[in-house]
Each structure stands twice: as structure tokens, then as C-alpha cells.
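In: Requesting a structural model of the entry that follows:
(chains A and B)
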Amino acid sequence: MKKAYILIAAAGMLAAASCKSRIEPETPSAGEADFTTYVAIGNSLTAGFSDGTLYRSGQENSYPNMLAGQFRLVGGGDFRQPLLPGEYGWPSVKRVLGIRTDCTGAAGLTPVFYTGGADTAGSAASIAAGGPYNNVGIPGIRCIDYALTGYGLLNPYAARFFSNPVGQKPLDVALQPAPTFFTMWLGSNDVLGYATAGGEGTNGGVGLNDISPFVAFKVTYDTTVAALAGTGAKGVLVNIPDVTSVPFFTTVPARGLVLTEQAQVDALNAAYGSLGMQFSLGANYFVIEDETIPAGRRQIRAGEYILLTVPQDSLKCAFWGTQVPIPRQYVLTEDEVANVREATAAFNQVIAENAAKYGLGLMDANNYLKTLQSGITWNGVTYTPTFVTGGAFSLDGIHLTPRGYALVANELIRVINQTYKATIPAVDINKYGGIRFP
Amino acid sequence: MKRICTLTATALTASSLAFGGSFQLNLQGIRQTAMGGTGVAWPWDASAVFFNPGGISRLKSLEAYGSINFVTPNVKYVQTPTGGYTASSNTHTTTPFAVYFGGPVKKGSRIGVGIGVYTPFGNKLDWGNSWTGRYVVESISLKSIFIQPTVSYAINDIISVGAGFVYGFGTVDITKAIPIQDAAGNDGQASLSGNANGVGFNLGVQVRATEQLQFGVSYRSKVNMKVNEGDAMFTVAPSVAANFPNTIFSSELPLPEILTVGAGYRVTKDLTLQADIVLAGWKTYDSLSFDFAENKAVQDTHDPRDYKNTVAFRLGGHYQIGQFAVMAGGAYDPTPTRDNLLSPDAVDANRITLSCGATYQPLPRLSIMAALNYTTTPKRTASYDPAGMQGAYQIKSLLPAIGVSYSF
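Out: Model (predicted):
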């Protein structure tokens, strides 16, 4: 009897002490790179822009900040971001999901402007004294702006943290912290401004709605990378996604004109039949403005895009897309799409050449976004480029959610590990938030 | 940059609402547990109802038996390939039990009867609601109880046979997070719970070749545990709640057929050694599906599992010291799971078991029994591809068990 008691007591003690698993992750390694001072160069995507604006938690969830957190595991140091004081959005208010009643009286869930109190006081004040900053992502900046002295005067986001907005080039600001490692995701705005303006700018101009001239892009990009690599810093270049694959362009369907009554069909065919347009019951291509043909209007074709900014109430209640052609600033036509794609390909060629020339990593964001089309699943959540429900894109249809940025961070980590033989752990994407539903 | 988008449906992504994995419990007898799980050849007590119904008619008299186990597994997860993230399952103790009554209908009879109530399969794993895999599983609890009336017949002094009918019933409870965040940033929640039942049978042949050498073969059939009207409850942000109506679901989980072949050898008057080989037909578990009565945002799920059949080896010994006996054993149980289909709701790996135990007979008719079972797995790096989840896992468990046996 005693023996049994002793055995039971011993068993109890052992069980209490428990046999816990002691497996541990392998110790991460920096490989051949030095992450002591990391600088993130880029535009709004790098700044942590989300939901149509910049706000503090968006900045805190920027992919560079996530990367810096992982770099700290392998010797990375302090990472300073030019944080805004508040959550309201600056200069413009952020978007949130809300219920809105449209012109037909139907209520639906849709992005609306945030209606909470503004906490933007002090946003415009210079915080240069807190620098130099490691995240030098500037919303709106193009590659061709990078060598422009005085850029800080043109861009309020830059003006906030440039120590000498009049005399500095953005490149000077990027070099200020003396980076040992950098990421550079520059160039999207050299095509995006043209695309989001419906392709109404010039192909090869320097206006904000233009596609940047190739030579200017190449010279600035080459100069910038040469300056960075010249310091001995290692890094990763990120190329330009196909902007027409983001929800800003893909959400409103070209074939979204749904006709339910024969009378409508007959009226449209009577009015437009002579122009070669055809309508039938069911889904039809919208009528758009096209200044390049004599009639000035035609039906949109597959492969052309209607922008997310098109007023939905005008489509639903003011006969846009039928009697009233959709104005051209809301439409990206075949020729315009071709301009965007050709420029993107040419710019990406420059980026790839620089990566090869200096032995830098290259993250193929263009290809990654294509992978996203078919869904990327990570720890039980599948991400797609679908607006709102896809989980990766924020409510402006161009910038990402914190989880979307975490996907970018992990792809960058993959490239860094591969290029520099490092073993930096991936970030836990599920630790970050997605779109919030009321 | 606004409007559009009247949300119609947000799919429950990559849903793997799973029951469990290699959730077989080999804890149906204290002596057998102490001897590495062996016991098909040798009828030690009324637990032969489970281990080999053919052995019931070999017992000297009617016996009653009861035992309980205290199972507290620890499972640890380490993110791969370059893991910074780790998680450990929360600790819960479950208590699989076994109760048997059986033996020859009267002294010297060739006919034996018996009944057993036991817990052959079960799984409880709780990762909590904030871990990285919460959209795959937060917690899972699978319980099963089999009731098995049994008859046995000794054909002659050498061969005896037995058969039992199995009625199994149990419960399944699964919770997981839904990747839709409300205004406060909280995830949605899904909870599936239901009752399951199924039927099967149990056959056994026991061969007493000599006084020293015995053989046994037992076959336990597949039992298809069906859930017909489980409750599926969803909690999501109010604006999308209409897409997630609470509904009922049906599902089924096949518990595999198991063939055990073994031998026992009495080396000396006091020392008995035994060895079993166990073939488990896990191949039947090729996928796990949930069929929801109402499909809006939540679609029916069909998750591949693609289990493999397994062969396990077990070895044990029993040494009698007067009123006492001590036992020890070990086992190697390979996993039926595949490296690319290892879900965190059914973590498994090749298991190595070491065990020991003791019995004490204060009265000639009464035995008090205790066993200790230690199971571990090597670190296993695997993925669950349908959920895009990879990691390294390890299971450890130290399991005490106690029981009593009384012969009439």
C-alpha cells in the first residue's frame, strides 16, 4: 500500500513540476548586414499612410517600424519616426467604415470620413529638433523629387521634419542619420499621380499628374542609390507595383451597368446604336467620355478602369455611365493603362539594374502584388487585393492596412535574409490590425 | 475614394474547424499502460474487455475494474523558418477513465461476458484567444465514451474468442477567431459545439500456446462519429452580424480501425514480458468537413488531412514480488499526420513513451494499481498548408493513473 502511495505522490509532484517543452527558436542572425542604423526611404507607403491620410497609429504600424522591431533582435538600434500627435489624420481627415444612405435610400457599409474630434493641434509644427529621423518616407514624394533642393517647402510632410527645408534635398535628409542599412521604395508616385488623375496628365512631364520623364527618373534614382551605397550601407530596393492592380482601380467594375428593364435597353440602343454601342438586359459596359474619338463618348472596354473616386450617387441616380458619359478624369483608358505599364516596366528596369550594380537586395513588389491577386494565406487569414474585405488594402484603395504593411515587412525580411544570409524572424502579422467594422 | 462596397459576404478564410489529430488514447488499463500499452496476449484483468475480448473467458472469476488517468499535455509552438514567436498551450487536465466488469459466467464456465465503458479517443488543446494561430484554432475539446457489451467463449484450453458491440458517443467543442475586427479592434469569434455518436465492434482471439507463451489478436472496427445538429455560434461586429447567422452544422470524424497482434511470455514464475504491434487505419481520415445549414459569409469547409496508416511497437514487463508487482515498458507510436498538413488543432509527431507502474494486493481479491506514463516527441517542423501556417512543435506529457480491481 505504502509503495502505491509513494508512487502516486511522486507522480503528483512530477506532474506538478510538469514536463514542459523546452524547444526554443534559433538565435536570429544579422548575416552579412549591419542593422545598427536603419533608414527607410520612400513615399506614403513607407511613411505609414493609410485610409487616405497620415495619422499616428498608421505611422506606428508602418512597415519600416515593424522591420526596425525585428532588426533590434540582430543588433538594430533606435528607430525614429516623425510621428504626428494625433489619430484624426493630417492634413486631411481619415476614412473609417460607416453606414451611409445613398441617393436611392439604401443604407450600406462604406468608407466615410471620420467624425470624431480633431487631435491635430501641433501637426504642422517642425519636429526637426527630434531628428535625425530614420523613417524618411514622405507622402507624395516622387523619385524625381529626391535631388530637389528646397523640397521641404513644397511638401508639408517634409517640412515637418527637415532640419533645413530650404537648403536640403530629400537625399540629404536620408543620409543624415548615417545609415548602415536602408530600404528604398521610391518611384510609385512617378506613375501613380498620372493614374489616379485618370491619365489626364502628360506622359513624360514633371507635374504631379504626369508620368515622370524616364531620363529624370533614371538620373535621380542612380544618383540616390550611388550616394547610399557609397556610404558602405547595405540595403534593399523595392520596385513599383502595377498600380492598376490595386483596388482604387479594380473595385468599380467596367461592366457594372446593370439594366433590368427592356425600356431602358431600347432607349439606350436607340440613342447610341448609331455610335456602335450595344446594350442588353443584365450587365453592360458603362458609357464613358473619350475625347480622342469624334463622338466624344463610347462604352468602356475590358482592361480599362473606372476609379474608386467616381461619385456613386451620380452612377446610381444622375445617369452617369448611360445618358451622361463618365467624365474622363474618372477613367483610365487602354492607352493610359499602356502608358502606366510601360513607364512602370522601364522604371523597374532601372531599379533592378541598380540592385544588381551595387549587390543590393531587390524586393519585387510588382510580382508580389500579382501573387496577392490569387490570395496569400498566413496563419489562417487569406489576403487579397479586394477592397475592404481583402484585408490588405486600407479604405483609400491604394495604401495598406497594418496587416498589409506586415505582409510587406515579411516579404522584405525574406529578401534581406536571402540577400545577406541573415535569419531575421518574420513579424507576427496577426498581431496587427485590419479594417475595423462598426 | 469612398462609397462602393455594400458588404455582402466576408468569407471565413481557410477554415480548418478540426476535431483533432492522432487523438487515440492508449489508457484503457493501468497494468497495460504501465507496460508500454501492451496487453493483447495476456488477460490481466477485466480490462481484457477492451484489450482482447477473447481473454474474458480466461479470467478465473468475474472481475470489476475501474481506473482514471490524469492527462495534462503541454504543447509548444515555435514560428518557423526563422522563429521569433513562440506559444505554449494552456494547461488543462482531462481524466480519461475505464470501467469494466467481466469474466466467466460461473466458475469453470467456457462462456464469459463483460461490459466496458471507456474513453478511447480524446483531445483537448487550448492555445488561448490571442496567439498567432487563433484564426485556425483557439481551443478544441474532443471527448468520446464507448460502451461495449462483450461475450467470450473458450473453444478449448488453447483458443478463446470474443466479440463486443461498441456504441460510442461524445462531444466536440471548437472555438476560433474570425478575422473581422470590430470598432474596438476585437476579432470575431466562432464557436462550434455538438454531440457525436457512432457504432462499431470489437473482436479478439486469445491463444494460450503453453503455460508460458500466449498470443493475442484483437480488431477494433472503425467508428464513424457523426455530429448531426451541432450548434454554430458567431460573434462579429454588428454591421456584418447579419452575414454570420447562428446556425447548425453536421460533420463526422472517423475513428480508425485498429488491429493489434501480440505475444506474452512468462520468463520465470514472477517475470512476464509482452510485446504488441498495433496497426491503425488512420488513412480513413482524409479530410474534415463541416456542413453548415445556413451559408452566408460562412461557407462549408473541407480541410484536407490525408492521414497515413501507422504501425506502432510496444514492449512491457511485469514482475511479481509477493503481494506487489512492478511493471515497466515503452512504446514507439509513429504519427499518422503529414508534414504539410499538421494543423495546430491536432498537433502530433512520432511519440516515444516510457512507462512504469505498480500493483498491490492488500486482500487476495483486491488490487490497487498505479501507473506513470511519460510521452514526448522530438521537435517537429511542419506546416498546415491550407492555413499558410508553419512552425515547430513539441509535445510533452507526464500522466499518472490509478485504479482498482476486484475479483468476485
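
In: Residue A:206 and residue A:217: what is the separation?
Out: Residue A:206 is 11 Å from residue A:217, where distance means CB to CB, to the nearest Å. Where you see a C-beta, it was placed from the backbone N, CA and C, and this is true even at glycine.

In: Among the two, which residue is more densely surrounded?
Out: Neighbours around residue A:206 and residue A:217, counted as other CB atoms under 10 Å in any protein chain shown, are more numerous at residue A:217. The numbers are 24 against 13.

In: So that one, which state does it fall into?
Out: The assignment at residue A:217 comes out as helix when based on DSSP: H, G, I helix; E, B strand; the rest coil.

In: and it, what does it touch?
Out: In this structure, residue A:217 makes contact with A:143, A:144, A:187, A:190, A:347, A:350, judged by CB atoms under 8 Å, 6 or more residues apart in numbering or on different chains.

In: before we move on, back to that, residues in contact with both of residue A:206 and residue A:217, list them for me.
Out: Residues touching both residue A:206 and residue A:217 by CB under 8 Å, 6+ apart: residue A:144.

In: Packing partners of the helix or strand that contains residue A:339?
Out: Under the criterion of DSSP states H and E, residue A:339 resides in helix A:334-358. With contacts defined as 3 or more CB pairs under 8 Å, 6 or more residues apart in numbering or on different chains; DSSP states H and E, the secondary structure elements packing on helix A:334-358 are helix A:189-196, helix A:214-230, strand A:234-238, strand A:361-363.

In: what residues are up against the nearest residue to residue A:46 once chain neighbours are set aside?
Out: Counting by CB to CB, 6 or more residues apart in numbering or on different chains, the nearest residue to residue A:46 once its immediate chain neighbours are dropped is residue A:137, at 2.9 Å. For residue A:137, the residues meeting the contact criterion (CB under 8 Å, 6+ apart) are A:40, A:41, A:42, A:43, A:44, A:45, A:46, A:47, A:48, A:62, A:64, A:185.

In: Now distance to residue A:325 and neighbour count too, for those residues, in CSV please.
Out: CSV is the format used below for the contacts of residue A:137 (distance: CB to CB, whole Å; neighbours: other CB atoms under 10 Å in any protein chain shown):
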residue, distance to residue A:325, neighbour count
A:40, 43, 29
A:41, 41, 29
A:42, 37, 25
A:43, 33, 24
A:44, 31, 24
A:45, 33, 26
A:46, 38, 26
A:47, 37, 26
A:48, 38, 30
A:62, 40, 28
A:64, 43, 31
A:185, 37, 25
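
In: Of those residues, which belong to helices?
Out: In this view, the contacts of residue A:137 that belong to helices under DSSP state H are A:44, A:45, A:46, A:47, A:64.

In: Of the residues you listed, which is the nearest to chain B?
Out: The shortest approach to chain B among the ones in helices among the contacts of residue A:137 belongs to residue A:44, at 13.2 Å (CB to the nearest CB).

In: My guess is that closest one contacts residue A:135. True?
Out: No. Under the criterion of CB atoms under 8 Å, residue A:44 lies out of contact with residue A:135, with a separation of 11.8 Å.

In: Now the phi/psi pair for the residue nearest to residue B:193 when sequence neighbours are not counted, please.
Out: Take residue B:193 and drop its neighbours on the chain: the residue closest to it by CB to CB, 6+ apart is residue B:173, 4.5 Å away. Residue B:173 has phi and psi values of phi -140, psi 120 when expressed as degrees, to the nearest 10.

In: Check residue A:71 too.
Out: Backbone dihedrals for residue A:71, given as degrees, to the nearest 10, come out at phi -60, psi -30.

In: just the one 3 residues further on next, same as before
Out: The phi/psi pair for residue A:74 (degrees, to the nearest 10) reads phi -130, psi 40.

In: that older thread, partners of the residue nearest to residue B:193 in the sheet?
Out: Counting by DSSP bridges, residue B:173 is bridged to residue B:141, residue B:193.

In: need the contact list for it.
Out: With the criterion set at CB under 8 Å, 6+ apart, residue B:173 makes contact with B:139, B:140, B:141, B:142, B:191, B:192, B:193.

In: right, and residue A:236 touches residue A:417 too?
Out: No. If you go by CB under 8 Å, residue A:236 and residue A:417 don't touch, sitting 10.7 Å apart.

In: where exactly do the helices run in the stretch 301-438 of chain A?
Out: Assigned by DSSP state H, counting those that start in this stretch, the helices in the stretch 301-438 of chain A fall at A:312-317, A:334-358, A:365-373, A:402-420.

In: could I have the first one exported to CSV, CA atoms only?
Out: Taking C-alpha atoms only, helix A:312-317 is exported to CSV below (Å, rounded to 0.1, in the frame of the first residue of the first chain):
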residue,chain,number,x,y,z
GLN,A,312,-21.5,56.5,-56.7
ASP,A,313,-24.6,58.6,-56.4
SER,A,314,-24.0,60.0,-59.8
LEU,A,315,-23.8,56.5,-61.2
LYS,A,316,-26.9,55.4,-59.4
CYS,A,317,-29.2,58.5,-59.7
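
In: what's it in contact with?
Out: Looking at what lies outside helix A:312-317 - CB under 8 Å, 6+ apart - the contacts are A:102, A:103, A:104, A:256, A:286, A:320, A:321, A:324, A:326, B:3, B:4.
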